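In: sequence and predicted structure, then a few things I'm wondering about:
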Amino acid sequence: MFKNIFTYVIAQGLASLISFALLPFYTKFLSPQEFGIATLIQVNLTFISMLLTFGLNTGFMIRYFKENNENIKKMFTIVLLVFLASVFILILILPFKEFYQSILGFKATLLQLLIFFATVLFFNYVNFYLSFLKNQLKAFEFTIYSVSYALVNGAATIFFVVHSKYSYLSFLYGAFIANGIFTLIGTVYYRNYFCKIDYSSNKKIVKDLFRISWPILPS
């Protein structure tokens, strides 16, 4: 167990170190104003993603050790379906485009907003898969997944900054690509956990998940 904990710490440290090591590079190619907008994009991506998990990430992890394998698969599928449905909340308030533009710090086009929404969805899936790997004590897989994600995110962002000259939008496009790729990888890896959900016969599981998750969200 201590070996696994040490591995998780090293993996998360490496992922953070990669992001930190790229800061001087970003500031070399971006003005202070551009880097400020890039930071706003990242902060809002994290914050909005967190709100749209409805606390289900943590709720699932709490219930994980109390359920049999069949119920774990049902909870897994329910959580991912809720994440998917949450994107419609963002789309429904698209008419308030000025609101999004004010919190993102730039005048985003409709396409850029849709890319942002997709990135939010993918980000939730990636974080969920990372948490699930940790719960299953798959330290090696967790390390490969988290460090590779950080490398791809950094490489994609650098490409858009240097080659495409997209300035602060490079952080949005880089995050979109990295989270999209690792959502696909995680989905393929956990494909056996997807199952058919009948709400009428699984109401208790859904209610229990939300009953645990809602109080966690404000924290």
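Out: Alright, I've got the coordinates.
In: report pLDDT for residue 8.
Out: pLDDT recorded at residue 8 is 59.
In: now residue 122. Nearest residue, chain neighbours left out?
Out: residue 179 (3.5 Å; Cβ to Cβ, 6 or more residues apart in numbering). C-beta here means a position set from N, CA and C on the backbone, and glycine is covered the same way.
In: and that neighbour, how many neighbours?
Out: The tally of other residues near residue 179 (other Cβ atoms under 10 Å) stands at 26.
In: and after the strand or helix carrying it, which helix or strand comes next?
Out: Here residue 179 sits within helix 169-189, counting by DSSP states H and E. Following helix 169-189 in sequence order, the next helix or strand is helix 203-213 (DSSP H and E).
In: buried set for that next one?
Out: 205-206, 208-209, 212-213 (16 or more other Cβ atoms under 10 Å).
In: Throw those residues into a markdown table and include distance to residue 64, thanks.
Out: Shown next, in a markdown table, are those (distance: Cβ to Cβ, whole Å):
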| residue | distance to residue 64 |
| --- | --- |
| 205 | 12 |
| 206 | 16 |
| 208 | 12 |
| 209 | 11 |
| 212 | 11 |
| 213 | 13 |
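In: helices and strands of this protein: which one bottoms out on pLDDT?
Out: Least confident helix or strand, the chain: helix 2-21 with a mean of 64, by mean pLDDT, DSSP states H and E.
In: contacts for the helix or strand following that helix, please.
Out: Tracing the chain C-terminally past helix 2-21 and defining elements by DSSP H and E, one meets helix 23-29 next. Residues from elsewhere that reach helix 23-29 (Cβ atoms under 8 Å, 6 or more residues apart in numbering): 35, 38, 157-158, 161-162.
In: switch the cut-off to 10 Å
Out: With Cβ atoms under 10 Å, 6 or more residues apart in numbering as the test, helix 23-29 has contacts from 19, 34-35, 38-39, 154, 157-158, 161-162, 165, 167-168, 170-171.
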